[in-house]
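**Q** need a 3D model of the following:
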Amino acid sequence: MSMSKTPPFDPPLLRAARLRFPLLGSPLVRSRRTVGGVLIALAVLLAGWILLLGAQTRGQVEVRNWGVVWIGMDLAQVAGLAVSGYLLLRRSRLVSLSAAAAATLLLLDAWFDVMTAAGGAEWYTALAMALLVELPAACGLALLSRIALDW
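**A** Predicted coordinates:
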């Protein structure tokens, strides 16, 4: 019986990535505990940063290039939806990644639309768009992302 160094679950894409980028096969990257610990530490640092920002901004902040920010976010959504559609037509499992990213962008868009809308009709319009369009689309993309893992 030969002892192989190949893990029991070694999909071809991961195997190819390890051949191209040897660092992916290093003990540091393979260690779940190390990477998990780093992610948790980053989350704690980010939580502290959020508290600091919340204390400093006090609910109001001036933003330069606000229009560029919104256009950039919308372009990222267009790209995510287009790539997801293309990968879905090709029945590629990679659609799982693009659909998850597109779903995340739609959730962010819904959040920012509602939270930054002025009161009155503008806020109700943003809320309606979030509830009737962006959130259902994000849920559909999240479901597609999960289903594509089983292809």
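**Q** count of neighbours near W70?
**A** Neighbourhood size, W70 [other CB atoms under 10 Å]: 14. In this view, the C-beta of every residue, glycine as well, is placed from N, C-alpha and C.
**Q** ugh, wrong one, I meant L107
**A** Per other CB under 10 Å, the neighbour tally for L107 reads 18.
**Q** surely it meets C139?
**A** No - counting by CB atoms under 8 Å, L107 stays clear of C139, with 9.4 Å between them.
**Q** list the buried residues of stretch 80-94.
**A** By 16 or more other CB atoms under 10 Å, the buried positions in stretch 80-94 come out as 80-81, 83-84, 87.
**Q** ok, now stretch 115-129?
**A** By 16+ other CB under 10 Å, the buried positions in stretch 115-129 come out as 117, 126, 129.
**Q** OK, contacts around L149?
**A** Going by CB atoms under 8 Å, 6 or more residues apart in numbering, L149 touches 93, 96.
**Q** measure the most centrally placed residue in the chain to S84 for me?
**A** Most central in the chain under CA atoms, centre = their mean is A101, positioned 3.9 Å from the mean C-alpha point. A101 sits 8 Å away from S84, taking CB to CB, to the nearest Å as the criterion.
**Q** R90 too?
**A** Per CB to CB, R90 is found 11 Å from S84.
**Q** what's the answer for A126, then?
**A** Distance, A126 to S84, using CB to CB: 24 Å.
**Q** re the thing from before, format the buried residues of stretch 80-94 as CSV; extra columns: secondary structure.
**A** Output for the buried residues of stretch 80-94, formatted as CSV (DSSP: H, G, I helix; E, B strand; the rest coil):
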residue, secondary structure
G80, helix
L81, helix
V83, helix
S84, helix
L87, helix
